[in-house]
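Chemist: No letters, just coordinates:
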């Protein structure tokens, strides 16, 4: 095949050139808010466990093993295992396809909300709710990873904030993604705050319903660019 007719490199991320106003970026901003909401629910309402931020769970497991009070080894291991299962499912079923991942995530959030409304989240039930949320987050993470939009992982901000600080005039660098990095931090906070308020005022099931609603709205409004 002549060099001019060579197909595009499969290693190039699908969303590498995505602008902040593109439908894909807007959808990922919405999902970043959902991540903040879900982690507020899981950490404040489900025994100090993270459903979206797996780095947090690894740290929490260390705390629990050291005997620090208020942390659950079983809860964090449940979340970690369920997240890995969701990521495996996402890698197999929804790679490069955001809408199916959003549909699955919505159903899992709804299932967690139904359980919380029907029987609460006490005792062993909380581990089922944790598992549902973590599977949803794992599936979404695998899908978002396959899309490869820079600085919009939707669940963690460490590298996003590192880029925000490293690509400044003080560091002698410039990046076109600075606004995106700021918006990612703001949208996660925008999801965390109402999630925390709902949990602290004993409305955890409604927080899960809100997460499902935002995810469903994102799926409906998302229009993949041609």
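Modeler: Okay, I see it. In this text, all values refer to a predicted model and were calculated from it rather than measured experimentally. Numbering: from 1, shown residues only.

Chemist: Distance of the residue nearest the centre of the chain relative to residue 35?
Modeler: By CA atoms, centre = their mean, the chain has its centre lying nearest to residue 155, at 3.7 Å. Distance check for residue 155 against residue 35: by CB to CB, to the nearest Å, it reads 5 Å. Bear in mind the C-beta positions are built from the backbone N, C-alpha and C, glycine included.

Chemist: Which strands or helices does the lowest-mean-pLDDT helix or strand in the chain pack on?
Modeler: When each helix and strand of the chain is scored by mean pLDDT, DSSP states H and E, helix 158-166 comes last, with a mean of 91. Judged by 3 or more CB pairs under 8 Å, 6 or more residues apart in numbering; DSSP states H and E, the packing partners of helix 158-166 are helix 178-200.

Chemist: Identify all contacting residues around the helix it packs on.
Modeler: Contact partners of helix 178-200, identified using CB atoms under 8 Å, 6 or more residues apart in numbering, comprise 20, 25, 29-30, 32-41, 44-45, 150-152, 157, 160-161, 163-164, 167, 204, 206-207, 210-211, 214.

Chemist: and residue 138, which of the three is it?
Modeler: Following DSSP: H, G, I helix; E, B strand; the rest coil, residue 138 is assigned to helix.

Chemist: can you pull the contacts of it?
Modeler: Residues near residue 138 by CB under 8 Å, 6+ apart: 82, 83, 84, 85, 86, 87, 88, 89, 90.

Chemist: which residue ranges form the helices in this protein?
Modeler: Ranges of helices within the chain are 23-45, 54-65, 73-93, 98-119, 125-147, 158-166, 178-200, 204-221, based on DSSP state H.

Chemist: Any idea which of these gets closest to residue 16?
Modeler: helix 125-147 (9.3 Å; CB to CB).

Chemist: buried residues in the closest one?
Modeler: 126-147 (16 or more other CB atoms under 10 Å).

Chemist: and the angle from the least confident helix or strand of the chain to helix 178-200?
Modeler: Relative orientation of helix 158-166 and helix 178-200, computed by axes from the mean of the first three to the mean of the last three CA atoms, to 10 degrees: 130 degrees.

Chemist: Could you tell me the angle between helix 158-166 and helix 54-65?
Modeler: Using the same axes, to 10 degrees: helix 158-166 against helix 54-65 is 110 degrees.

Chemist: who touches helix 158-166?
Modeler: Helix 158-166 is touched from outside by 55, 151-153, 171, 173, 175, 177-178, 181-182, 184-185, with contacts defined as CB under 8 Å, 6+ apart.

Chemist: Show me which pair in those is furthest apart.
Modeler: Longest span within those, CB to CB: 55 and 173, 25.4 Å.

Chemist: quick one: low-confidence parts of the chain?
Modeler: 1-14, 171, 225-226 (pLDDT under 70).
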